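1. Pasting the sequence and the predicted coordinates here, then a few questions.
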Amino acid sequence: MAKQTDDERFQKDLQALKFSAPLFIRLAWDCLVDVGAENLLKKGCDLKQLSSALNINNTDMLECMLDVLVGEGCLKYENTVYHYIRSPPNPPVVNVRWLKKNNPASMKWVDLCYSSAKNALHGRPADLVGFDKKVSVLLWDKMMEESPYSFRLFAIRKFAKDLPDSAVVLDFGGGGGIALENILKETTAKIFLEEFERSNEYLFLAKKRINDLFKKTKSDIIKENIRRMVFRNNFDISAVRDNTYDVIFMSLVLHHIPSTTRGNLLAELQRILKPGGKFVAYHFIHKSKFERNPIWLMYSVPTHQGYPFKDEYLNLLRKNFSSVEDHFGGLVTVAIK
Ligand SMILES: C[S@@+](CC[C@H](N)C(=O)[O-])C[C@H]1O[C@@H](n2cnc3c(N)ncnc32)[C@H](O)[C@@H]1O
């Protein structure tokens, strides 16, 4: 059987990540120049000096940008001091053209986030890329169908085919329901599927997507599973009984949870899973301080709290679950209670 990652769509989504990295790196440098960091970095300065000289409040964002550039060999880091080495090159024009053609919503998001990146550094992230407004949620939903799609589907395939009849499955922070649709199409079991989504705008899109699937599908099992579905815009996890779910799925949500409460959330998710139940997650991570995911522009999104660091995240999972499997260096994880 061909590997899931061999298919054309997966290769295209991998290509998007590869082509976009040099763009994010170049934009990090352009933004630093724009806020006046170039000469200070040419002299050499630490994070505290740089943020106070430039009135930057969001030091996590600044540190992420600087570390991305260290990882790329454009800055040097010695005894906490960042020094300029060279500017990153512009990304190849053909690659940017490819990204615009194949991932138009993501490129629009990059433009929007970049136009507010300076403000975000000064502690004012942009409303127009959050999850509460209809226009931004529509953009997010389109973007979520672009390059994140194959990785999400890969994660879903780690549990959907094995679901037993009567399994109870929660999509935590399910957004516009792309994962719900994938789960419904991938399983042959009679399941109880729930989505928790705080944003009413997003929940509206999820209901619409599932309604459309109901009308289109010829599968009785999909129709039956849709009839049993529950949408929640509120989820008081402490009120959920122990051992409730067979699977909890979470895609691109953890970086919106403050790092100080991620441990508590994972412990609670473990508690509400049945013994042997699976917590399957997909999100971007930083491999280490200087091997960062380059999408620093996420800091323009009001709820962004920073991607987790791989070891810290895997340790949290191992602390709470009996077995942990990771794919693509922590991008997709499967943890069993
Ligand atoms: C990029 S979207 C991902 C949506 C969907 N899971 C997907 O993969 O397409 C991020 C989601 O995180 C949700 N979110 C943000 N902060 C959250 C929080 N503190 N608790 C739960 N969900 C949150 C947002 O409402 C949004 O649906």
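-> It's in.
2. Give me the buried positions along the helix or strand in which residue 279 is found.
-> Using DSSP states H and E, residue 279 falls within strand 273-282. Buried residues in strand 273-282, counted by 16 or more other C-beta atoms under 10 Å: 273, 277, 278, 279, 280, 281, 282. All C-beta atoms are positioned from the backbone trio N, CA, C, and that covers glycine.
3. Now do the fourth one against the ligand, distance only.
-> Counting by C-beta to the nearest ligand atom, to the nearest Å, the separation of residue 279 from the ligand is 14 Å.
4. so the nearest residue to that residue once chain neighbours are set aside bridges to which residues?
-> In space, residue 279 comes closest to residue 335 once its chain neighbours are excluded; the distance is 4.5 Å by C-beta to C-beta, 6 or more residues apart in numbering. Taking DSSP bridges as the rule, residue 335 bridges to residue 279, residue 324.
5. Return the list of helices and strands in contact with the helix or strand harbouring residue 76.
-> Following DSSP H and E, the helix or strand that holds residue 76 is strand 75-78. On a contact count with 3 or more C-beta pairs under 8 Å, 6 or more residues apart in numbering; DSSP states H and E, strand 75-78 meets helix 59-71, strand 81-84.
6. rewinding a little: just name the closest of the buried residues of strand 273-282 to residue 18, please.
-> Nearest to residue 18, judged by C-beta to C-beta, of the buried residues of strand 273-282 is residue 282 at 18.2 Å.
7. Cross-check the contact I'm expecting between that closest one and residue 251.
-> Yes: applying C-beta atoms under 8 Å as the test, residue 282 and residue 251 come out as touching, 4.6 Å apart.
8. which residues does the residue of the chain found nearest the ligand contact?
-> Using C-beta to the nearest ligand atom, the closest approach of the chain to the ligand is made by residue 175 at 2.6 Å. Residue 175 makes contact with 131, 140, 141, 144, 197, 199, 202, 205, 206, 251, 252, according to C-beta atoms under 8 Å, 6 or more residues apart in numbering.
9. Please list which of these are also close to the ligand.
-> Restricting the contacts of residue 175 to those near the ligand by C-beta under 6 Å from any ligand atom leaves 131, 140, 144, 197, 199, 202, 251, 252.
10. Just the C-alpha atoms of stretch 291-300, please, in PDB.
-> Output of stretch 291-300 as PDB, limited to C-alpha atoms (Å, rounded to 0.1, in the frame of the first residue of the first chain):
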ATOM      1  CA  GLU A 291      15.300  25.500  15.000                       C
ATOM      2  CA  ARG A 292      12.100  27.300  15.100                       C
ATOM      3  CA  ASN A 293       9.000  27.000  13.000                       C
ATOM      4  CA  PRO A 294       9.500  30.100  10.900                       C
ATOM      5  CA  ILE A 295       5.800  31.200  11.000                       C
ATOM      6  CA  TRP A 296       6.600  34.000  13.500                       C
ATOM      7  CA  LEU A 297       3.700  36.100  11.900                       C
ATOM      8  CA  MET A 298       1.300  34.000  14.000                       C
ATOM      9  CA  TYR A 299       2.100  36.600  16.700                       C
ATOM     10  CA  SER A 300      -0.100  39.100  14.900                       C
END
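11. what does it contact?
-> 20-21, 24-25, 27-28, 58, 60-61, 64-65, 67-68, 71, 110, 112-114, 116-117, 119-121, 125-126, 129, 255, 284-286, 304, 306-307.
12. Please apply the same query to stretch 248-260.
-> Stretch 248-260 has contacts (C-beta under 8 Å, 6+ apart) with 144, 148, 152, 155-156, 159, 169-175, 179, 183, 262, 265, 269, 272-273, 277-284, 298, 303-308, 313.
13. Could you do stretch 14-31 as well?
-> Outside stretch 14-31, the residues touching it (C-beta under 8 Å, 6+ apart) are 5, 65, 68-69, 72, 74, 87-92, 95-96, 98-99, 102-103, 106, 110, 114, 117-118, 121, 146-147, 150, 294-297.
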